[in-house]
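Chemist: sequence and predicted structure, then a few things I'm wondering about:
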Amino acid sequence: MNHPFQLTRVAQICTGFALVSFVQVASANDAEIVMVQGKVEVQDQKSGLWRNAVAKQELRAGDSVRTGDSSQMALLVRDKTQVRLNQLSTFKIKEAGDGEGGTSLELTSGRMWAQAKQFTVGLLRATTGLIKSQRKLSVSTPTATIGIRGTDWEVSVGDSGETVVSVFSG
């Protein structure tokens, strides 16, 4: 009789569903600012007003961020994409994907670094680590749209709008 095995399997599945539910509740925001240095402002898409940014501030799709001279900031998008914005940069979260969905960002000026990591798909795959997928991420600038999957990279927009993409790994 395999009752202990079946009960263990049922317990694992229930725990997995509980974890997924917790993660969904915990990640209700699209992004969170994790570091602010110097003058960093956030524009709420609803009010249109620019306000000083603070660490642990929550952001939603449609919100914009800008950095002043000798300033920088870092944020973590809901899908665990890490973003760092350099001085004199303006950036917008167009869409924050979750799981296999995509994240869409916009850099209108300045320079940003980001890291989009691979993630394991599915509950059973998460426990075995056998199959990995890559997060879908796109960044638009005034002159380009870049599709990125699972890598470290930097995008900069020059004064005349030219876009330069540097890939560091992946």
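Modeler: Received it, and whenever you're ready, just let me know what you need. Worth saying up front: this structure is predicted, and the values here are computed from it rather than measured. Residues are numbered from 1 along each chain as shown.
Chemist: buried set for the helix or strand hosting Gly147?
Modeler: Assessed by DSSP states H and E, Gly147 sits inside strand 145-148. Residues Ile146, Ile148 are the ones in strand 145-148 that count as buried (16 or more other Cβ atoms under 10 Å). From N, CA and C alone the C-beta is placed, and that goes for glycine too.
Chemist: mind checking what helix or strand follows it in sequence?
Modeler: strand 151-157.
Chemist: next, count neighbours for Lys80.
Modeler: 14 (other Cβ atoms under 10 Å).
Chemist: what values do phi and psi take at it?
Modeler: Lys80 has phi and psi values of phi 80, psi 10 when expressed as degrees, to the nearest 10.
Chemist: got a list of what Ser140 touches?
Modeler: Lys94, Ser104, Leu105, Glu106, Leu107, Ile146 (Cβ atoms under 8 Å, 6 or more residues apart in numbering).
Chemist: parallel or antiparallel, which strands does the strand holding Gly147 pair with?
Modeler: Within its sheet, strand 145-148 is paired with strand 136-140 (antiparallel), according to DSSP bridges.
Chemist: pLDDT below threshold where in the protein?
Modeler: 1-28, 98-101, 117-135, 150, 170 (pLDDT under 70).
Chemist: run the last query once more with 50
Modeler: 1, 5, 7, 11, 15-27, 120, 123-128, 131-132 (pLDDT under 50).
Chemist: run through the helices of it in chain order.
Modeler: 3-26, 123-128 (DSSP state H).
Chemist: for the top strand by length along the chain, packing partners?
Modeler: Using DSSP state E to define each element, the chain has its longest strand at strand 102-116. Strand 102-116 sits against strand 82-85, strand 90-95, strand 136-140, strand 151-157, with contacts defined as 3 or more Cβ pairs under 8 Å, 6 or more residues apart in numbering; DSSP states H and E.
Chemist: ok, residues contacting it?
Modeler: Strand 102-116 has contacts (Cβ under 8 Å, 6+ apart) with 67, 77-79, 81-97, 134-142, 148-157.
Chemist: let's go with 6 Å and repeat that
Modeler: 77, 79, 81-86, 88-92, 94-97, 135-141, 148, 150, 152, 154-157 (Cβ atoms under 6 Å, 6 or more residues apart in numbering).
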